[in-house]
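> Provided below are the primary sequence and the corresponding predicted coordinates.
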Amino acid sequence: MHALQVFDVAATELSFARAAQRLFVTHGAVSRQIRTLEDALGLPLFERRNRAVFLTPVGERLHATTRQMFEQLAQTVANLRPVAASRTLVVSCEPTLAMRWLIPRLGAFAQAHPDIALHLHSAGGPIDLASAGVDVAIRRNDFFWGHSLVAEPLADEWIGPVGLPATFEAAHPAPLHTRTRPQAWHDWQRAMKAEGHAPASGRYGARASGSPIPPFEHFYLSLQAAGAGLGAAIGSVYMVSDELRAGRLTAPHGFVRDGSAYVALAREPFDANPATQALLTWLRSAMAESASVWIKSVWIKTV
């Protein structure tokens, strides 16, 4: 088994030197184990050419088996470990959603799951979960994350104009824009039309391209500007629900689905780890609660 393990690492690295570094042994120890295995099989596993090594056809066949064998062994050992060993989760969340929705609710999650510790990273877009050391990433499904990740739906995105009450008393509220969602106003008007409601484009659309306020770099900043009375911003219902509840912002048109959604990404099925499954269930429930109040009570009012 030791010789097979050394072979598997060397075959993966295609270098006895790098294999020695990974195994914390000498280059000579790797060579001896490979030679022992080749002598036992009576077949060459590597071709040595100009200080480089390449798998022979026999070596490739053996490596296909050892790779699968050691991966299954590692997975089985991980599954046999006590559940407590996997109760710390590193979570990556889009910055605006993290700041305006998730962080204010971390206390509620801790109260519901005192045995699970969440370490939060703020980031958006594509992510390599393994290299970043992240267990779960919360993202909007506006990019391709590859075929290797498990994606679980969390909630549909609902958007609508938000601002101070005084902002919407003006005949033409200034529309605020952001570089991270440059099509937000267009998406809202399209979604309103799809729902059969007048999108009030006369109030916002005519000034959308000629707004005196330059686009903000981040979605979060446009919402902050709306709260400061600089104009109306397109807001996600999740990111403004607390301010709507407190009366700091208003959403006179309510919210509509824009066709996108939030998902949770992981390297393995969520139900393979009780902690990730608990987080997934809680996220779905919390996001549904945040959205349902405003969707049902405000809904859509044409202005």
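That came in fine, so what should we check first?

> now do stretch 166-185: distance to the chain's middle.
Distance of stretch 166-185 from its chain centroid, counting by C-alpha atoms, centre = their mean, to the nearest Å, is 27 Å.

> show me what counts as buried in it.
With burial defined by 16 or more other C-beta atoms under 10 Å, the residues of stretch 166-185 counted as buried are Thr167, Phe168, Pro173, Ala174, Pro175, Leu176, His177, Thr178, Thr180, Arg181, Ala184, Trp185. C-beta coordinates here come from the backbone N, C-alpha and C atoms, glycine included.

> and the strands in the stretch 1-150 of the chain?
Taking DSSP state E, counting those that start in this stretch as the test, the strands found in the stretch 1-150 of the chain are 46-49, 52-55, 88-93, 117-122, 136-140, 150-162.

> in its sheet, which strands sit next to the second one, and in what direction?
If you go by DSSP bridges, strand 52-55 pairs up with strand 46-49 (antiparallel).

> pull out the buried residues from the strand it pairs with.
Judged by neighbour count using 16+ other C-beta under 10 Å, the buried positions of strand 46-49 are Phe46.

> related to what we said a few turns ago, please identify the most buried of the strands of the stretch 1-150 of the chain.
By mean neighbour count, with neighbours taken as mean count of other C-beta atoms under 10 Å, strand 136-140 ranks first of the strands of the stretch 1-150 of the chain at a mean of 23.

> and that strand, which strands flank it?
Taking DSSP bridges as the criterion, strand 136-140 forms sheet pairs with strand 88-93 (parallel), strand 256-266 (antiparallel).

> out of those strands, which comes closest to Leu62?
Of all those, it is strand 256-266 that lies closest to Leu62, at 31.7 Å by C-beta to C-beta.

> quick one on the thing from earlier: distance to Phe219 and mean pLDDT added to the strands paired with strand 136-140, as TSV?
Written out in TSV, the entries for the strands paired with strand 136-140 read as follows (distance: least, C-beta to C-beta, whole Å; pLDDT from 0 to 100):
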stretch	distance to Phe219	mean pLDDT
strand 88-93	13	93
strand 256-266	13	93
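
> these two touch, right, Pro252 and Phe168?
Yes: contact status for Pro252 versus Phe168: in contact at 5.2 Å, counting by C-beta atoms under 8 Å.

> out of the strands of the stretch 1-150 of the chain, nearest to Phe7?
Counting by C-beta to C-beta, Phe7 lies closest to strand 46-49 out of these; the figure is 8.9 Å.

> how many neighbours does the closest residue to Arg267 other than its chain neighbours have?
In space, not counting the residues next to it along the chain, Arg267 is nearest to Leu129; the distance is 5.3 Å by C-beta to C-beta, 6 or more residues apart in numbering. Each residue near Leu129 was counted by other C-beta atoms under 10 Å, and the total is 19.

> look at Leu129 and report its pLDDT.
Turning to Leu129, the model gives it a pLDDT of 90.

> for it, what are its contacts?
Applying C-beta atoms under 8 Å, 6 or more residues apart in numbering to Leu129 gives the contacts Ser92, Asp135, Ala137, Leu149, Leu265, Ala266, Arg267.

> so which of those is the most crowded?
Ranked by the number of neighbours (other C-beta under 10 Å), the contacts of Leu129 place Ala137 first, at 27 neighbours.

> beta partners for that residue?
The residues paired with Ala137 through beta bridges, assigned by DSSP bridges, are Ser92, Leu265.

> could I get the full set of helices for the stretch 201-303 of the chain?
For the stretch 201-303 of the chain, the helices identified by DSSP state H, counting those that start in this stretch occupy 201-208, 219-227, 237-246, 274-297, in order along the chain.

> next, the buried residues of stretch 272-289.
Within stretch 272-289, the residues that qualify as buried are Asn273, Ala275, Thr276, Ala278, Leu279, Leu280, Trp282, Leu283, Arg284, Ala286, Met287, counting by 16+ other C-beta under 10 Å.

> alpha carbons of it, as CSV, please.
C-alpha atoms of stretch 272-289 as CSV (Å, rounded to 0.1, in the frame of the first residue of the first chain):
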residue,chain,number,x,y,z
ALA,A,272,-23.4,15.0,3.0
ASN,A,273,-22.6,17.4,5.8
PRO,A,274,-25.2,18.2,8.5
ALA,A,275,-23.7,21.7,9.0
THR,A,276,-24.0,22.7,5.4
GLN,A,277,-27.5,21.2,5.2
ALA,A,278,-28.5,23.2,8.2
LEU,A,279,-27.1,26.4,6.7
LEU,A,280,-28.9,25.8,3.4
THR,A,281,-32.2,25.2,5.2
TRP,A,282,-31.8,28.3,7.3
LEU,A,283,-30.8,30.5,4.3
ARG,A,284,-33.9,29.5,2.4
SER,A,285,-36.2,30.2,5.3
ALA,A,286,-34.6,33.5,6.2
MET,A,287,-34.6,34.8,2.6
ALA,A,288,-38.2,33.7,2.1
GLU,A,289,-39.2,35.6,5.3
